[in-house]
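J.: Predicted coordinates and the sequence they were generated for:
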Amino acid sequence: MDTEISYRTMPHNEDAEKAVLGAILLNANSLQTAMEYVTPADFYHPGHRTLFSAFIAYSDSAPLKSLDTLSIVEFLKGRNQLSECGGIGYISSLTESVSTTASIGVHAQIIHALALRRRFIELSNEFSVSGFDESQEIVKLIDESGAKLSRLAEGLGDANRDVSIGQYVSNALENLRDRMAGASSGNLETGFDRLDQVTDGGFHPTDFIIIAARPSIGKTAFAISIIQNMIMKPREYSVAFFSLEMSGLQVSQRLLSGVSQVPLKTIRNAGFASQKDPGFNRMLNAASRLFDSKLYILDTPNMKLSEIRATARRLRKEKGVQAIFIDYIGLIDAEMPATSKKFEQVTEISKALKSLARELEIPVVVLCQVTRDAEGDKNEPQLNNLRDSGAIEQDADMVMFLHRNRKIDKDKLVKDMKGENTLQVTKVIVAKQRNGETGEFYAGFKPATASFENLPDGNWGA
């Protein structure tokens, strides 16, 4: 879109642009300061953009200290760009209004802010034109518009230039000191002791996490159990659960069962003897505790990818959501042509959800099925068993598999938190962890409540 609007000139500051260019001609070292704030595209006048680009190109091919009016004029002649920059007279005049080069940072920030303002105006016009185009789905349009504004917002503080390693090292040391002083790591504890140990304190912000298993092994139950641990005391995190497979009612029934330890079947079938039944009272108490929690359930089936992203951004902004769970990736509508292959759709979804985790700076946990190659009680699932796309393996920061013998051996049941032999030992395989170790541990699945519990220390793999 053109940078000129028929009825109004786009925001810019010609004096600031001249001051920055002139300061560089007076003191070549000023170029490094300017580059911390602006890129060539930030300059409004085409000639100024070309000249600033030439400064950068010159510094890449010759010692920076040799950059001055004469050298840059010769450099521009060699690139056939001298007239494009206004000629010798104009370039020479740029230094006349510069009394000191100390203000170059201030002037550069003015240029960058005005460049962002122009881009905002351009986007506003884009949105207006798209809004009148009724062939585009409004939800997708809003999602794409939000993403563009989000990228624009990333440039508010600087010109999106590379940050030196020194800045990152300083940040790392500051974080280390805060942690040593007792500050929170920012990780979200899962409530499963061994999982929190393996992950160095729980799920990390910006991580894209996959929980995968064969059907009926309990990946949804495991995810809901983690959610339960997160939203209840002592953690009380704010969590969003996109339940594309189960209704919100079914999710709430599972949570009621898990918190109260009343069998799920009893809750579903209203199988209490009376309202004085101890189990009924435990269920009411669980309902009260869950009612005050910060869990947001979205149970639209076959939800569009754009809807998930737009809703996630809203919940992050309005509700302060700290983690997102999605059940499951195969049910997300990628909004691609019907002729697109399944692996192409899943690849698009995987990359988008990884980007969402980074954008919102929270963990995004997604459930996934495994291929039939992992069928059979002895065939433990591996990374190449992730269904439909190798992109999931590539994009994920962490991949966990659940594995358990389908046939229940009552002699191998383990005591639950009530001391009853009900738990089925389930292996949790951490097959990938980008910033940590891989490994495995065991958790206990309780069929009666469709939930998982910590297992006491023991040699469960024997």
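T.: It's in. Numbers count the residues shown, from 1 in each chain.
J.: Break this structure down into its domains, please.
T.: Following the assignment in automatic domain parsing, the chain carries domains at 14-153, 193-409.
J.: Which of the helices and strands in the chain ranks last by mean pLDDT?
T.: Within the chain, no helix or strand scores below helix 165-180, which has a mean of 67 by mean pLDDT, DSSP states H and E.
J.: which secondary structure element contains the residue lying farthest from the centre of the chain?
T.: Computed with C-alpha atoms, centre = their mean, the residue of the chain farthest from its C-alpha average is G89, at 50.8 Å. Using DSSP states H and E, G89 maps to helix 87-93.
J.: After that helix, which helix or strand is next?
T.: helix 104-132.
J.: May I see the buried residues of that following helix?
T.: Buried positions in helix 104-132, judged by neighbour count with 16 or more other C-beta atoms under 10 Å: 104-105, 107-116, 119, 121-123. Just so you know, the C-beta spots here come from the backbone N, C-alpha and C atoms, and that holds for glycine as well.
J.: How far does it sit from its chain's centre?
T.: Here helix 104-132 shows a centroid-to-chain-centroid distance of 25 Å under the convention C-alpha atoms, centre = their mean, to the nearest Å.
J.: name the helices or strands packed onto the host helix or strand of I326?
T.: Taking DSSP H and E as the criterion, I326 maps to strand 323-327. Counting contacts by 3 or more C-beta pairs under 8 Å, 6 or more residues apart in numbering; DSSP states H and E, strand 323-327 packs against helix 219-231, strand 239-243, helix 305-319, helix 342-360, strand 364-369.
J.: What about L26, how many residues nearby?
T.: 16 (other C-beta atoms under 10 Å).
J.: tell me the SS of I211?
T.: With DSSP: H, G, I helix; E, B strand; the rest coil as the basis, I211 sits in strand.
J.: pretty sure it is touching V364, no?
T.: No: I211 lies out of contact with V364 (C-beta atoms under 8 Å); the separation is 11.6 Å.
J.: So which of those two has more stuff around it?
T.: Remark: of I211 and V364, V364 carries more neighbours, 27 against 23, as counted by other C-beta under 10 Å.
J.: remind me, longest strand of this structure?
T.: Assignment by DSSP state E gives strand 421-433 as the longest strand of the chain.
J.: Next one, pLDDT for R161 please.
T.: With respect to pLDDT, R161 scores 50.
J.: typo on my end, E14
T.: 90.
J.: Find the nearest non-adjacent residue to it, please.
T.: H45 (6.9 Å; C-beta to C-beta, 6 or more residues apart in numbering).
J.: burial of that neighbour, as a residue count?
T.: 15.
J.: With R254 as the reference, measure out to it.
T.: From H45 across to R254, the span is 62 Å (C-beta to C-beta, to the nearest Å).
J.: Same question for Y37.
T.: 52 Å.
J.: Spit out the contact partners of the nearest residue to Y90 once chain neighbours are set aside.
T.: Excluding the flanking residues, the one nearest Y90 by C-beta to C-beta, 6+ apart is G47, at 7.7 Å. Contact analysis of G47 by C-beta atoms under 8 Å, 6 or more residues apart in numbering lists E84, C85, G86, Y90.
J.: Repeat the analysis, applying 10 Å as the threshold.
T.: G47 makes contact with E17, L21, Q81, S83, E84, C85, G86, G87, Y90, I91 under the criterion C-beta atoms under 10 Å, 6 or more residues apart in numbering.
J.: same deal with R309?
T.: Counting by C-beta under 10 Å, 6+ apart, R309 touches 139-140, 142-144, 146-147, 352-353, 355-356, 359-360.
J.: go with 7 Å
T.: Counting by C-beta atoms under 7 Å, 6 or more residues apart in numbering, R309 touches D143, A352, L356.
J.: So which of those residues is surrounded by the most neighbours?
T.: If you count neighbours using other C-beta under 10 Å, the busiest of these is D143, which has 23 neighbours.
J.: Check what contacts the host helix or strand of that one and list those residues.
T.: Using DSSP H and E, D143 falls within helix 138-153. Outside helix 138-153, the residues that touch it by C-beta under 7 Å, 6+ apart are 116, 119-120, 123, 127, 130, 304, 306-307, 309-310, 313, 335, 359.
J.: how big is the angle separating that helix from helix 342-360?
T.: 50 degrees (axes from the mean of the first three to the mean of the last three C-alpha atoms, to 10 degrees).
J.: Surely the residue nearest to E14 and E17 touch.
T.: Yes: with contact defined as C-beta atoms under 7 Å, H45 counts as touching E17 (6.4 Å).
J.: so where's the stretch 251-400 of the chain uncertain?
T.: Residue ranges of the stretch 251-400 of the chain with pLDDT under 70: 372-378, 387-389.
J.: Apart from its neighbours in sequence, what residue is nearest Q253?
T.: I267 (5.3 Å).
J.: got the buried residues for stretch 319-330?
T.: Within stretch 319-330, the residues scored as buried using 16+ other C-beta under 10 Å are V321, Q322, A323, I324, F325, I326, D327, Y328, I329, G330.
J.: Pull the residues that contact it.
T.: 188, 203, 220, 223, 227, 230, 237-245, 296, 312, 315, 346, 349, 362-369, 387-388.
J.: Same check on stretch 418-426?
T.: 218, 261, 402, 404, 408, 412-416, 442-448, 453, 455, 460.
J.: and that stretch, which residues are buried?
T.: Residues T422, L423, Q424, V425, T426 are the ones in stretch 418-426 that count as buried (16+ other C-beta under 10 Å).
J.: distance of the first one from V414?
T.: Which is T422. Taken as C-beta to C-beta, the span from T422 to V414 is 8 Å.
J.: again, but for the last one
T.: Separation of T426 from V414 (C-beta to C-beta): 10 Å.
J.: Now do the shared contacts for the two.
T.: G444.
J.: Relative to L249, which of the buried residues of stretch 319-330 is nearest.
T.: The closest of the buried residues of stretch 319-330 to L249 turns out to be D327 (C-beta to C-beta; 14.7 Å).
J.: Tell me the bridge partners for the closest one.
T.: Note on D327: beta-bridge partners by DSSP bridges are S243.
J.: Tell me, how many residues neighbour S83?
T.: 12.
J.: again but with S274, I slipped
T.: 6.
J.: Might you report the residue contacts of the spatially most central residue of the chain?
T.: Closest to where the C-alpha atoms of the chain average out (C-alpha atoms, centre = their mean) is A357, at 1.1 Å. Neighbouring residues of A357 by C-beta under 7 Å, 6+ apart: T206, D207, F208, P363, V364.
J.: And the spatially closest residue to the second one that is not a sequence neighbour, its phi and psi?
T.: Here the nearest residue to D207 in space, its sequence neighbours aside, is D397; by C-beta to C-beta, 6+ apart that works out to 4.2 Å. As for D397, its main-chain torsions (degrees, to the nearest 10) stand at phi -80, psi -30.
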